[in-house]
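S.K.: sharing a sequence plus its predicted fold:
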Amino acid sequence: MYPSRFGYEAPSSIEEAIALLSASGGEAKVLAGGQSLIPLLKLRFATPETIIDINKIPGLDFLTFEADGSIRVGALCRHATLERSTELETAQPVMAAVAPLVADPIVRNRGTLVGSLCHADPQGDWASVMMALGGSVVAQGPSGRRSILVSDLVSGPFETVLAPDEIAVEAFVPAPTGVPMGGYLKLERRVGDFATVAAAVSVDMDGDKVVRAGIGMTAVGPTTLSASEAAAVLVGGPLSESVIAEAADLAAAAATPRSDHRGSADYKKHILRTFVIRLLNKVATSTQKVA
Amino acid sequence: MSSLFTEVSAEPPSDVPVRRVTVTVNGDERTVEVEPRLLLAHLIRSGFKLTGTHTGCDTSNCGACTVLLDGEPVKSCTVLAVQADGSEIMTVEGLAGPSELHPLQEGFKDEHGLQCGFCTPGMLMASKALLQRNPDPTEDEVRWALSGNLCRCTGYQNIVNAVLWAGEKLRADGGTQEEAT
């Protein structure tokens, strides 16, 4: 399969890339890891006039752990870098949990976190995690930079609010307000397949009390979904069995999966509920040990 | 050594954008002119006539087209040839000379790590990257590293055995061959 014909630019700075985007009048696509975009080009679902390859721009492959506990991920930071990071497990276990579950090991050598967010696939893994963490992307355009919460970034399936002349240059994960805990569970038919269902649960703990919570849900709606009501019931107290069950029920109620070849809608809701319970039980067990 | 290559269209219109790309393939520097939409897998197979790299699913699922790009395994059907400009590529042909076998190839032979052989070049390159990173992997680590490479014949057991066999041989040889390649 060949993509349709396109022009190719490999700028050496972000400013140059933005100028090229502006000049293209919305007919250009930014290429980072290419593990979603190139398949789309080959299937001709995407037929841009110009590909702007940002891989030659230096300094975008960073994974930075700031002193205040926040994390910055550059537009060219590959999944494999996150997967191999030894600091990520303690700094943000939910990110450490998802990194080895994205696609397959070879795809992870190329694909990027920021690219995954911009691709806005409702079955993408990173968007759920970033929503659960309250993360954002930094978009740079001709008039400067702005920060967009990941929950506001996605405007529809495969659609974002990024302007045609903006590039998402980094992702930002705010500092945890307690001990960061939680994880990501994904049901896939085989490695490399899209998620049948997946859930990201992030809780910041003070002893056995939840001080902040976020739940992101993969592949159970037209976009990545945030289960904010479910997260809200967790905040303020310990993770009792009844609170966990209530949160799981609310998360499942907020999900709108469709029946397809990967499973029925009821089955997917059941799995989602189970994943939320398992993720929260794990946190509850480990905080009880400490307390 | 250089060659010119325009495969995408038999008679490219004059306004077709062409980019000059220089890559080092299995140690040989090659300069080619390609359309930006040419995929690395096609440059390797049709341009460089290195047909050891197979294209299987053409959708970045199966891993048959895996090559090393600057030492890291990538699915060459999902990389543009222009993106490889300035890079080193190693294909299965680069593992050993024409009359030799790399320990991984020996392992696949001795442990019967293939039946039809279609997935084998990708399996070998992904395994090579694994052993470079982790010379003494466990069985689980081998399975994990090869989880992006599909085989429809073997059921994987003998492939895993072959990689473990090669790892042992390379360690016994003191890893000299790995450092040299």
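M.R.: That came through, no problem.

S.K.: and chain A, is stretch B:131-144 touching that?
M.R.: Yes. Residues of stretch B:131-144 contacting chain A under C-beta under 8 Å from any C-beta of the partner chain: B:Trp144. (Glycine included, C-beta is placed from N, CA and C.)

S.K.: chain center to that stretch: distance?
M.R.: With C-alpha atoms, centre = their mean, to the nearest Å as the basis, stretch B:131-144 stands 18 Å off its chain's centre.

S.K.: how long is it end to end?
M.R.: From its first residue to its last, stretch B:131-144 covers 13 Å (C-alpha to C-alpha, to the nearest Å).

S.K.: list the contacts of it.
M.R.: Residues outside stretch B:131-144 that contact it (C-beta atoms under 8 Å, 6 or more residues apart in numbering or on different chains): A:105, B:71, B:104, B:127, B:130, B:145, B:156, B:160, B:163-164, B:166-167, B:170-171, B:175, B:178.

S.K.: quick one: buried residues of it?
M.R.: Residues B:Leu131, B:Gln132, B:Pro137, B:Glu141, B:Val142, B:Arg143, B:Trp144 are the ones in stretch B:131-144 that count as buried (16 or more other C-beta atoms under 10 Å in any protein chain shown).

S.K.: turn those residues into CSV, columns for pLDDT and distance to A:Leu149.
M.R.: Listed next are the buried residues of stretch B:131-144 as CSV, based on pLDDT from 0 to 100; distance: C-beta to C-beta, whole Å:
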residue, pLDDT, distance to A:Leu149
B:Leu131, 98, 43
B:Gln132, 97, 40
B:Pro137, 98, 40
B:Glu141, 98, 37
B:Val142, 98, 41
B:Arg143, 98, 38
B:Trp144, 96, 34
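
S.K.: now do the residue lying closest to A:Pro238 once chain neighbours are set aside against B:Val16, distance only.
M.R.: Nearest in space to A:Pro238, with sequence neighbours left out and distances taken as C-beta to C-beta, 6 or more residues apart in numbering or on different chains, is A:Asp208 at 4.3 Å. Relative to B:Val16, A:Asp208 is positioned 65 Å away (C-beta to C-beta, to the nearest Å).

S.K.: so what strands line up beside the helix or strand hosting A:Met205?
M.R.: If you go by DSSP states H and E, A:Met205 is part of strand A:197-206. Using DSSP bridges, strand A:197-206 pairs in its sheet with strand A:179-187 (antiparallel), strand A:209-218 (antiparallel).

S.K.: ok, residues contacting the shortest one?
M.R.: So that's strand A:179-187. Contacts of strand A:179-187 (C-beta under 8 Å, 6+ apart): A:91-94, A:97-98, A:101, A:125, A:128-129, A:132, A:195-206, A:218, A:271, A:275, A:278-279, A:282-283, A:286-287.

S.K.: the helices in the chain, which residues?
M.R.: Just so you know, I chose chain A. For chain A, applying DSSP state H gives helices covering A:14-24, A:37-43, A:79-84, A:88-91, A:93-98, A:105-108, A:113-119, A:125-133, A:150-153, A:228-234, A:241-254, A:265-290.

S.K.: let's do chain B instead
M.R.: Using DSSP H, helices in chain B cover B:40-42, B:103-110, B:120-133, B:139-145, B:157-172, B:176-180.

S.K.: of the ones you listed, which shows the lowest average pLDDT?
M.R.: Among these, helix B:176-180 has the lowest mean pLDDT, at a mean of 51.

S.K.: show the contacting residues for the closest residue to A:Ala254 other than its chain neighbours.
M.R.: Nearest non-adjacent residue to A:Ala254, counting by C-beta to C-beta, 6+ apart: A:Ala227, 4.7 Å away. Counting by C-beta under 8 Å, 6+ apart, A:Ala227 touches A:Ile215, A:Gly216, A:Met217, A:Ala247, A:Leu250, A:Ala251, A:Ala254, A:Ala255, A:Val276.

S.K.: distance of A:Ala227 from chain B?
M.R.: According to C-beta to the nearest C-beta, to the nearest Å, A:Ala227 and chain B sit 29 Å apart.

S.K.: residue numbers of chain B in contact with chain A?
M.R.: B:8, B:16-17, B:19, B:35-39, B:58-61, B:63, B:66, B:72-75, B:78-80, B:82-83, B:85, B:126, B:144-145, B:147-149.

S.K.: from the residues you listed, which would you call buried?
M.R.: Counted by 16+ other C-beta under 10 Å, these give B:8, B:17, B:19, B:35-39, B:58, B:60-61, B:63, B:66, B:73-75, B:78-80, B:82-83, B:85, B:126, B:144-145, B:147-149 as buried.

S.K.: hmm, B:Val16 is touching A:Arg5, no?
M.R.: Yes. Counting by C-beta atoms under 8 Å, B:Val16 does reach A:Arg5; the two are 6.7 Å apart.

S.K.: and for the two, which residues touch both?
M.R.: In terms of C-beta under 8 Å, 6+ apart, B:Val16 and A:Arg5 are both contacted by the residues B:Glu35.

S.K.: how's chain B carved up into domains?
M.R.: Listed domain ranges for chain B are B:19-94, B:103-175 (source: automatic domain parsing).

S.K.: same check, this time on chain A
M.R.: A:7-56, A:63-173, A:179-286.

S.K.: so for the longest one, mean pLDDT?
M.R.: When the per-residue pLDDT values of domain A:63-173 are averaged, the result is 97.

S.K.: do the same with stretch A:233-252
M.R.: Throughout stretch A:233-252, pLDDT has a mean value of 97.

S.K.: pull the residues that contact it.
M.R.: Under the criterion C-beta under 8 Å, 6+ apart, residues A:199, A:203, A:208-213, A:215, A:217, A:227, A:229-231, A:269-270, A:272-274, A:276-277, A:280-281, A:283-284, A:287 lie in contact with stretch A:233-252.

S.K.: if you set the cut-off to 7 Å instead, what comes out?
M.R.: For stretch A:233-252, the external contacting residues (C-beta atoms under 7 Å, 6 or more residues apart in numbering or on different chains) are A:203, A:208-213, A:215, A:217, A:227, A:229-230, A:269, A:272-273, A:276-277, A:280-281, A:283-284.

S.K.: mind listing what's buried in it?
M.R.: Within stretch A:233-252, the residues scored as buried using 16+ other C-beta under 10 Å are A:Val233, A:Leu234, A:Leu239, A:Val243, A:Ile244, A:Ala247, A:Ala248, A:Asp249, A:Leu250, A:Ala251, A:Ala252.
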